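K.L.:
below are the sequence and a predicted model; questions follow.
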Amino acid sequence: MSVITQPMDLLRQQDPQMADVLDGERQRQATGLQLIAAENFTSAAVLGALGSPLANKYAEGYPGARHHGGCEYADLAERIAAERACALFGAEHANVQPHSGSAAVLAAYAALLQPGDTVLAMGLTSGGHLTHGSPANFSGRWFDFVGYGVDAGTGLIDYLQVQELAHTHRPKAIVCGSISYPRHPEYSVFREIADEVGAFLIADAAHPIGLVAGGAAPSPVPYADIVCATTHKVLRGPRGGMILCGAEFADRIDRAVFPFTQGGAQMHTIAAKAVAFGEAAGPAFTSYAHRVVANARTLAEELGRRGFAITTGGTDTHLITADPEPLGLDGAGARGRLAAAGIVLDTCALPHGDRRGIRLGSAAVTTQGMGKAEMGRIAELFTAALSGGEPAKVRRDVNEMVFNFPPYGV
Ligand SMILES: Cc1ncc(COP(=O)(O)O)c(C=O)c1O
């Protein structure tokens with residue numbers, strides 16, 4: 001029986017309109033191929049914590065120093081979450097309150113910078129996140145961002161350019177991290193460059209942090225002053241953010257999160273983060289993280305064999321970016337045709353020129369239990385969907401394939 005049937009039954013009795021919406025979303029997730037690189041399927045235990053009565057609790061402040069009464073269990077939940085995060089990542093301090101990855105980055109800037117300071121981060125057209133200086137975001141409005149890029153040929157970060165820009169602009173902070181870089185940043189090189197110019201180093205590890213937890217990617221923790229992360233990507237926790245840092249930044253970070261940029265902590269989400277950290281500490285998650293990378297590598301190879309131009313020639317992570325141009329499509333065209341077949345992914349910037357490509361990830365399908373054979377099958381389905389296969393037929397083939405890998409039981 002599905003693990004989420006019972007709460008859905010209660011909801012259906014009380015609010016059939018919303019029950020239909022949630023049921024539609026459950027069906028959508030279970031019957032399509034979920035390849036959005038930033039998504040995953042949490043465990044039933046994580047969903048259980050999210051749906052618990054801690055959702056009712058107000059808990060401004062930190063454990064032992066709350067502005068509200070009745071926080072004894074909220075305090076326990078947050079202490080457990082922070083302790084598990086520190087143990088999992090070998091960090092001296094963890095703040096588990098950020099409501100999202102963007103909120104974590106905002107707090108990191110608030111802790112280290114003043115408005116008007118210069119920050120060096122990956123340029124938006126090379127894979128930087130909105131919080132890395134977009135004019136549409138607080139970061140671009142309040143700070144003076146300089147963007148580094150990737151080599152147009154290899155798609156790899158141009159560290160010489162990072163160094164040159166750092167020496168020219170003398171930033172107060174350097175940010176390493178991206179929404180679409182499929183390789184590991186060289187954290188030690190970023191550290192050296194930051195030290196050369198006296199800058200703080202902020203690692204925005206929103207994407208790779210789950211791989212770090214599972215030992216399938218290098219950790220930024222020993223190198224960066226502040227590590228920002230999300231908890232909902234490969235890490236497989238609830239939607240949310242987190243900050244890791246050394247003891248010397250702990251007070252500044254805590255004050256930057258609350259009361260500077262946030263109000264009451266979302267205690268049900270913090271409990272769910274703790275559950276996810278507990279899961280990520282076990283051997284099953286280590287095996288999962290390595291399978292995520294193996295699956296992404298296989299999928300990149302299979303797509304490459306079918307004509308997609310794979311950025312950097314492959315991947316070291318859960319994430320693949322590709323140009324479908326050799327198939328006569330741009331990113332938006334490919335995404336639309338794939339969506340019609342039930343294959344869900346994003347478009348993304350490409351390293352060369354202003355064309356957009358596609359970005360996909362292996363975290364969710366790996367959670368569903370798919371492996372090497374299924375990655376080959378997914379690549380076949382891509383070709384069928386994009387080279388004029390009848391969409392309804394491809395959609396049926398997708399349904400048939402995912403039927404054997406239900407995310408939450410049948
Ligand atoms: C590098 C990076 N930073 C920050 C974020 C923001 O996370 P959120 O959407 O939770 O605000 C993302 C989201 O994908 C990201 O990839």
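P.N.:
Looks like it came in fine.
K.L.:
who does the one helix or strand Ala121 maps to touch, helix- and strand-wise?
P.N.:
For Ala121, the enclosing helix or strand under DSSP states H and E is strand 118-122. On a contact count with 3 or more CB pairs under 8 Å, 6 or more residues apart in numbering; DSSP states H and E, strand 118-122 meets strand 144-148, helix 159-169, strand 173-176. For every residue, glycine as well, the C-beta is placed using N, CA and C.
K.L.:
tell me which residues in stretch 351-369 are buried?
P.N.:
Using 16 or more other CB atoms under 10 Å as the test for burial, stretch 351-369 gives 351, 356-368.
K.L.:
end-to-end on that stretch?
P.N.:
Terminal residues of stretch 351-369 lie 32 Å apart, using CA to CA, to the nearest Å.
K.L.:
quick revisit: only alpha carbons, please: show the strand holding Ala121 as CSV.
P.N.:
Taking C-alpha atoms only, strand 118-122 is exported to CSV below (Å, rounded to 0.1, in the frame of the first residue of the first chain):
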residue,chain,number,x,y,z
THR,A,118,32.6,43.4,-4.7
VAL,A,119,31.9,39.6,-5.1
LEU,A,120,33.5,37.3,-7.7
ALA,A,121,31.2,34.4,-8.7
MET,A,122,30.4,32.3,-11.7
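K.L.:
distance from the chain centre to the helix or strand following it, please.
P.N.:
Once the chain leaves strand 118-122, the next helix or strand it forms, by DSSP H and E, is helix 138-142. Put simply, helix 138-142 sits 22 Å off its chain's centre (CA atoms, centre = their mean, to the nearest Å).
K.L.:
using CSV, write out every CA atom in helix 138-142.
P.N.:
Extracted C-alpha coordinates of helix 138-142, given in CSV (Å, rounded to 0.1, in the frame of the first residue of the first chain):
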residue,chain,number,x,y,z
PHE,A,138,18.9,41.0,-4.2
SER,A,139,22.5,39.9,-4.9
GLY,A,140,22.8,41.9,-8.1
ARG,A,141,21.1,44.9,-6.6
TRP,A,142,23.1,45.1,-3.3
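K.L.:
ok and the residue in the stretch 201-350 of the chain nearest the ligand?
P.N.:
Distances between the stretch 201-350 of the chain and the ligand by CB to the nearest ligand atom are smallest at Ala206, namely 3.4 Å.
K.L.:
that residue contacts Ala229, correct?
P.N.:
Yes: shown here, Ala206 and Ala229 form a contact pair, counting by CB atoms under 8 Å, at 5.7 Å.
K.L.:
which neighbours do those two share?
P.N.:
Residues within reach of Ala206 and of Ala229 at once, by CB atoms under 8 Å, 6 or more residues apart in numbering, are 101, 241.
K.L.:
tell me which of the two has more neighbours.
P.N.:
Set Ala206 next to Ala229 and count neighbours by other CB atoms under 10 Å: Ala229 wins out with 31 against 27.
K.L.:
and the contacts of the helix or strand where that one lies?
P.N.:
Taking DSSP H and E as the criterion, Ala229 maps to strand 226-230. For strand 226-230, the surrounding residues in contact (CB under 8 Å, 6+ apart) are 38, 89, 91, 98, 100-101, 104-105, 108, 111-112, 177, 200-207, 209, 220-221, 235, 239-245, 249, 253.
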